[in-house]
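> Next one to model:
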Amino acid sequence: MNIKQLLQNETQPIVIFGASVVGREVYDRCLSVGISASAFCDDQKLDQYKGVNVFSLNVIKKRYPEAVFIVATTNANDALHKITEMGNYKWILAGLILNDQENFPCITDFYNYSEMEAQIIDRCIESHSFHNDKENLFATSIDLLVTERCSLKCLDCCNLMQYFQNPQDISIDEIKKNLKLIVHYFDSVHELRVIGGEALLHRNFAEILQLSAGFININKILVYTNGTIVPARRKLEALALPNVVLAITDYGPISHNLDKLCEKCERYQIRYYITKAEEWVFCSSIKKHNRSMKENTKLFRSCCANNTFTVSNGKLYRCPFIANAVRLCAIEEAKDDRIDFDSLNMLYKEKCEAKRVINDFLYNRDFFPACDYCEGRPYGKITIKPAIQTKRPLDFDKF
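The predicted structure is shown next:
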């Protein structure tokens with residue numbers, strides 16, 4: 001019996017976990033074949049979609065003590081952890097539905113989706129296809145840090161760029177090494193995110209993109225920029241590579257080259273999308289909190305950045321906060337905070353053994369020692385005005 005038949009014969013209510021574009025696409029496809037969802041479960045989007053209510057986790061638990069969940073979020077492990085904490089529910093991964101065009105035909109023309117929405121759906125499908133894969137190592141995304149330099153100096157930058165006194169480009173040799181390590185261990189990376197600082201400032205930016213685009217196990221390359229830089233021709237030509245997407249954040253007046261950048265994107269046929277910066281969460285201070293293990297576990301599980309894997313200086317970290325706090329020497333570099341690829345090469349003769357260690361680091365940790373230095377980035381936390389500028393780098397205590 002296939003998934004369509006299972007859902008059509010299901011007597012328990014069907015709840016879609018996640019009310020973003022993935023959840024809505026799943027709802028529409030299921031409805032088109034006679035399968036109705038009773039509700040959406042999402043703590044962030046408390047509203048309705050086509051008359052179907054979106055409830056929080058706590059409300060779902062009370063209203064639906066028995067249900068079948070369709071997991072419509074990219075990070076299935078996080079969702080399943082929350083679902084199993086609520087009770088003994090049955091579940092299905094949305095990616096399996098979205099990838100089954102025969103039984104769940106696509107009724108929405110993908111051209112009607114924005115570039116960002118189409119990327120989110122595509123990312124979910126690939127991520128779910130690797131769920132429980134014991135042989136292959138998959139990452140939804142990996143942040144590749146290429147520069148500490150930025151054209152802005154945001155007071156509350158969550159990547160800690162405001163603390164660098166003498167920001168530098170990461171050397172091209174280090175970047176090459178980091179790329180080779182990524183593709184050596186990971187069988188598939190859905191999205192390599194090229195970040196800074198401001199990635200377009202790197203002197204060898206075009207070479208970085210050309211190198212990254214040459215690896216078959218890197219599906220897409222996403223470059224983040226703040227709308228202040230109009231790159232030169234060679235960089236624009238690299239951005240026009242078929243598997244590269246430019247993610248532009250619009251910070252209003254300080255993104256003073258936004259229109260010119262968009263004109264260049266159109267001229268060079270660069271895939272891009274614009275996200276309006278409306279609010280940030282305050283999470284940029286570096287301070288030892290001395291929390292208990294239980295408190296840090298709660299902080300980590302609720303963090304919206306706990307799966308922003310980052311490679312820096314030949315090491316793999318769970319997020320840019322940890323990677324850059326280490327670069328700044330603002331925290332102690334604890335062994336449990338990172339995977340040192342060079343050490344893996346020495347410790348494990350078989351690559352499959354090393355991959356199991358990486359998989360455990362990425363998907364089976366309750367928290368990391370560096371979490372105790374972070375304010376946390378939970379959904380629903382009080383927000384602040386984005387991109388407030390500071391005139392000089394911020395002071396901090398070196399470890």
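> list the helices and strands the helix or strand containing A323 packs on?
Here A323 sits within helix 320-327, counting by DSSP states H and E. Counting contacts by 3 or more CB pairs under 8 Å, 6 or more residues apart in numbering; DSSP states H and E, helix 320-327 is packed against strand 138-145, strand 310-312, strand 315-317, strand 338-340. For glycine as for every other residue, the C-beta is placed from the backbone atoms N, C-alpha and C.
> Can you list the residue ranges for helices in the stretch 101-250 of the chain?
115-129, 172-185, 205-213, 233-239 (DSSP state H, counting those that start in this stretch).
> Model confidence for the nearest residue to Y49 once chain neighbours are set aside, exactly?
Distances taken as CB to CB, 6 or more residues apart in numbering put R24 closest to Y49, at 5.6 Å, once the chain neighbours are dropped. With respect to pLDDT, R24 scores 94.
> so which helix or strand takes in R24?
Counting by DSSP H and E, R24 is found in helix 21-32.
> Show me what the next helix or strand after that helix pairs with in its sheet, parallel or antiparallel.
Once the chain leaves helix 21-32, the next helix or strand it forms, by DSSP H and E, is strand 39-41. When pairing is defined by DSSP bridges, strand 39-41 lines up against strand 14-17 (parallel), strand 52-55 (parallel).
> ok, residues contacting strand 39-41?
Surrounding strand 39-41, the residues in contact under the criterion CB atoms under 8 Å, 6 or more residues apart in numbering are 13, 15-19, 23, 27, 49, 52-57, 60, 63-64, 69.
> Now a ChimeraX select for only the buried ones of the residues you listed.
In ChimeraX syntax, the buried subset of these is picked out as below (16 or more other CB atoms under 10 Å):
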select :13,15,16,17,18,19,23,27,49,52,53,54,55,60,64,69
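> before we move on, the earlier item: and the helix holding R24, what does it pack against?
By 3+ CB pairs under 8 Å, 6+ apart, helix 21-32 packs against strand 14-17, strand 48-49, strand 68-71, helix 94-98, helix 115-129.
> do you know which of the strands paired with strand 39-41 lies nearest S292?
Nearest of the strands paired with strand 39-41 to S292, taken as CB to CB: strand 14-17 at 29.0 Å.
> Using PDB, write down the CA coordinates of the closest one.
Taking C-alpha atoms only, strand 14-17 is exported to PDB below (Å, rounded to 0.1, in the frame of the first residue of the first chain):
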ATOM      1  CA  ILE A  14      -4.300  14.400   9.600                       C
ATOM      2  CA  VAL A  15      -2.200  17.300  10.900                       C
ATOM      3  CA  ILE A  16       0.400  19.000   8.700                       C
ATOM      4  CA  PHE A  17       3.400  20.000  10.800                       C
END
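> Please state the offset of that strand from the chain centre?
22 Å (CA atoms, centre = their mean, to the nearest Å).
> According to the record, where do the domains of this structure fall?
3-121, 133-384 (automatic domain parsing).
> Now do the end-to-end distance for the shortest one.
Yep, that's domain 3-121 we're talking about. 19 Å (CA to CA, to the nearest Å).
> can you check stretch 69-77 too?
So stretch 69-77: terminal residues 13 Å apart, CA to CA.
> mean confidence score for stretch 5-13?
95.
> Give me the buried stretch members for it, please.
So stretch 5-13, judged by 16+ other CB under 10 Å, has buried residues 7, 13.
> Output that stretch in PDB with nothing but the alpha carbons.
What follows is stretch 5-13, C-alpha atoms only, in PDB (Å, rounded to 0.1, in the frame of the first residue of the first chain):
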ATOM      1  CA  GLN A   5      -3.700   4.800  -0.100                       C
ATOM      2  CA  LEU A   6      -2.500   4.900   3.500                       C
ATOM      3  CA  LEU A   7      -3.700   8.500   4.000                       C
ATOM      4  CA  GLN A   8      -7.000   7.800   2.100                       C
ATOM      5  CA  ASN A   9      -7.700   4.900   4.500                       C
ATOM      6  CA  GLU A  10      -6.600   6.700   7.600                       C
ATOM      7  CA  THR A  11      -9.300   7.100  10.300                       C
ATOM      8  CA  GLN A  12      -7.300   9.500  12.500                       C
ATOM      9  CA  PRO A  13      -7.200  13.200  11.900                       C
END
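> ok now that stretch, how far from the chain's centre?
32 Å.
> what's near enough to touch N9?
Per CB under 8 Å, 6+ apart, neighbours of N9: M1.
> ok so, going back, might one say that the residue nearest to Y49 is in contact with V52?
No - using CB atoms under 8 Å, R24 is not in contact with V52; the gap is 9.8 Å.
> before we move on, the earlier item: could you dump the helices of the stretch 101-250 of the chain into a markdown table with distance to I382 added?
Below are these laid out as a markdown table (distance: least, CB to CB, whole Å):
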| stretch | distance to I382 |
| --- | --- |
| helix 115-129 | 25 |
| helix 172-185 | 35 |
| helix 205-213 | 36 |
| helix 233-239 | 36 |
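> V357: which of the ones you listed is closest?
Per CB to CB, nearest to V357 of the helices of the stretch 101-250 of the chain: helix 172-185, 9.7 Å.
> For that closest one, which outside residues touch it?
With CB under 8 Å, 6+ apart as the test, helix 172-185 has contacts from 137, 142, 144, 146, 189, 192, 204, 207-208, 211-212, 215, 217-218, 311-314, 341, 344, 351, 354-355, 358.
> circling back: need the helices and strands packed on helix 320-327 in TSV with mean pLDDT, mean neighbour count and distance to P253, can you?
Formatted as TSV, those follow (pLDDT from 0 to 100; neighbours: other CB atoms under 10 Å; distance: least, CB to CB, whole Å):
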stretch	mean pLDDT	mean neighbour count	distance to P253
strand 138-145	97	21	28
strand 310-312	97	23	30
strand 315-317	98	23	34
strand 338-340	97	21	38
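> Now render those strands as a markdown table, adding distance to T297.
Shown next, in a markdown table, are the helices and strands packed on helix 320-327 (distance: least, CB to CB, whole Å):
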| stretch | distance to T297 |
| --- | --- |
| strand 138-145 | 22 |
| strand 310-312 | 21 |
| strand 315-317 | 18 |
| strand 338-340 | 19 |
